[in-house]
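K.L.:
Sharing a sequence plus its predicted fold:
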Amino acid sequence: MLLIYTEKLSPRFSYIVHHIFENMMGITIRIITDLEEFIKSDGCKISYGKNPIGNEFFIKNFGLLFEKGIDNIEVYVNYWKEIPCFFCAKKGDIPFDIFSATFYLLSRYEEYLPHVRDTDGNFSASESLAYRYRFLEIPLVDIWVENFKQLLIEKFPNIIFDHKKYYQASVIEVGKAFKYKHKGFLRSAFRIFINSFTFQWKKVVEQMRVLTNLQKDPYDFYNELIHFHKQKAITNIFFFLLTNYTAYDQGLSYNNPKYKDLIKYMADYSIVSVLASYESVLSTQKLKEERQRMVNIINRPVRRFKAGHNRISIPDVYRRIAEAEYNEDYTMGYMSHIGFRASTCTPFYFYDIGLEVQMPILVNSFCFHSNVLQKQSAKKVLSKLRILKTKVQELNGEFVTIFTNSFLGKSRTQAEFEFYKKIMNL
């Protein structure tokens, strides 16, 4: 048991200390505001305020956890043990307010501030503090907490922490289940016409061979994935698009019998859930409809969420998915960059600053999306991910990667699928 004293309580303070100590360190805590009780205690104890009380472990309070709403805070980055930190203080047994700094990153405080959005309305990686100060590619919060833990052990040699376990998950986004098959006569004929009109004869030949069963559909590698995943101790999750055909979402109809059969088949071997459509992230009703479609297909609860196009506006999307009865998210990350959007490799519950409440949504951060390969070479990506995975393993964190099925099925030589295997085998 670890005793924590603060002059006053707040939802932010309670949220972040429970996450750091109970979720990340595995130690039970008790928060008190009774100074006399704190002074009398002779156990492991921490005070959080402006000045130390006695011989306890003291953390200087920056003030963020007792504010409400958003303020345009000036963040000055310093370094501790050769890693970035901010909200620094001269007093204290740790040279910065680790509680406020962790809250700032996990709550995505900076995404509430005015910023430039990309074409899909998303917060850009280049706008983030992590990108500007070059800590995007490390799980900074987890490193802070590990170093903090060592300071506590030095102060209280008898303190006992539980250990997290390393976890790896492979997420596959299925926006287009098949490249050519099962799309109906009109869509197939129109595609042949367009490719012929633009002189893309290789695509015409490939499509005709697939439609006449002379060649396997390029995206139909599901059995290969099942076989590979059986050999690996890796959780695999497939997110399937279940919406109407639009300019943004051009997959099969959710009513297509072959598509339903595929989803049912994959549900026998993997976790399956809904890849939210481009428009549904703006509508709670559409989110509910798409979730119910998946429930009807697989006849089991559906609780995991992934936004198509990684379209996520904080905090609105988390409010909507909570209302739609999802309770786990796999959208926290950047499609354009390797790294951790919330600077952590530990799952955390989302905190809504607008409502000042912890939401019932467990956020699983991904560190890589296959779209990164549009800008970086496979060799460079592999090297970066090898380093990153090693660090996540050292911290007993969560290593989540995302691939689209269209990326994996790009070439006849299956170079992309082989790259996927290399990532899983790092």
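P.N.:
Perfect, thanks for sending it. Keep in mind that what you see is a predicted model, and the values were worked out from it rather than measured.
K.L.:
drop to CA atoms for contacts and neighbour counts, all remaining ones
P.N.:
OK.
K.L.:
Number of residues surrounding residue 76?
P.N.:
By other CA atoms under 10 Å, 10 other residues sit near residue 76.
K.L.:
these two touch, right, it and residue 87?
P.N.:
Yes - contact status for residue 76 versus residue 87: in contact at 7.1 Å, counting by CA atoms under 8 Å.
K.L.:
quick one: buried residues of the strand or helix carrying residue 146?
P.N.:
Using DSSP states H and E, the element containing residue 146 is helix 140-155. Within helix 140-155, the residues that qualify as buried by neighbour count (16 or more other CA atoms under 10 Å) are 140-145, 148-149, 152, 155.
K.L.:
For it, the averaged confidence score.
P.N.:
Taken as a whole, helix 140-155 has a mean pLDDT of 98.
K.L.:
before we move on, what about stretch 50-57?
P.N.:
Confidence for stretch 50-57, expressed as mean pLDDT, is 95.
K.L.:
Can you tell me what sits against that stretch?
P.N.:
Counting contacts by CA atoms under 8 Å, 6 or more residues apart in numbering, the residues outside stretch 50-57 that touch it are 39, 44-47, 58-61, 91-93, 152, 155.
K.L.:
I'd like to know which of these is nearest to residue 398.
P.N.:
Within those, proximity to residue 398 (CA to CA) peaks at residue 152, which comes in at 23.8 Å.
K.L.:
Can you spell out which helices and strands pack onto the host helix or strand of residue 261?
P.N.:
If you go by DSSP H and E, residue 261 is part of helix 257-267. If you count contacts as 3 or more CA pairs under 8 Å, 6 or more residues apart in numbering; DSSP states H and E, helix 257-267 packs onto helix 284-298.
K.L.:
Name the residues of the helix it packs on that come out as buried.
P.N.:
Taking 16+ other CA under 10 Å as the basis for neighbour counts, the residues of helix 284-298 that come out buried are 284, 286-288, 290-295, 298.
K.L.:
Tell me how far that helix lies from the chain's centre.
P.N.:
A distance of 22 Å separates the centroid of the chain from that of helix 284-298, by CA atoms, centre = their mean, to the nearest Å.
K.L.:
and the angle for that helix with helix 257-267?
P.N.:
Orientation note: helix 284-298 sits at an angle of 80 degrees relative to helix 257-267 (axes from the mean of the first three to the mean of the last three CA atoms, to 10 degrees).
K.L.:
so residue 59 sits right up against residue 49, yeah?
P.N.:
Yes - at 6.7 Å, residue 59 counts as touching residue 49 under the criterion of CA under 8 Å.
K.L.:
before we move on, the earlier item: show the average pLDDT along the helix holding residue 261.
P.N.:
This predicted structure assigns helix 257-267 an average pLDDT of 96.
K.L.:
Skip ahead from it and say which helix or strand is next.
P.N.:
In the C-terminal direction from helix 257-267 (assignment by DSSP H and E), the next one is strand 271-276.
K.L.:
low pLDDT regions in the stretch 51-200 of the chain?
P.N.:
Flagging of the stretch 51-200 of the chain using pLDDT under 70 yields the residue ranges 180, 182-200.
K.L.:
Figure out how far the helix or strand containing residue 392 is from the centre of its chain.
P.N.:
According to DSSP H and E, residue 392 maps onto helix 378-394. For helix 378-394, the distance between its averaged C-alpha position and the chain's averaged C-alpha position is 17 Å (CA atoms, centre = their mean).
K.L.:
Please work out the average pLDDT along whichever helix or strand comes after that helix.
P.N.:
Of the helices and strands lying after helix 378-394 in sequence (DSSP H and E), the nearest is strand 398-404. Mean pLDDT, computed over strand 398-404, is 97.
K.L.:
residues in contact with strand 398-404?
P.N.:
Contact partners of strand 398-404, identified using CA under 8 Å, 6+ apart, comprise 166-175, 345-347, 364-371, 389, 392.
K.L.:
Surely residue 339 is in a helix?
P.N.:
No - counting by DSSP: H, G, I helix; E, B strand; the rest coil, residue 339 is not part of a helix but coil.
K.L.:
how deep is it tucked in, by neighbour count?
P.N.:
By other CA under 10 Å, the residues close to residue 339 number 28.
K.L.:
from here on, count from 28
P.N.:
That works, and once the first residue is 28, the last one we named lands at residue 366.
K.L.:
Please consider this matter closed, and thank you.
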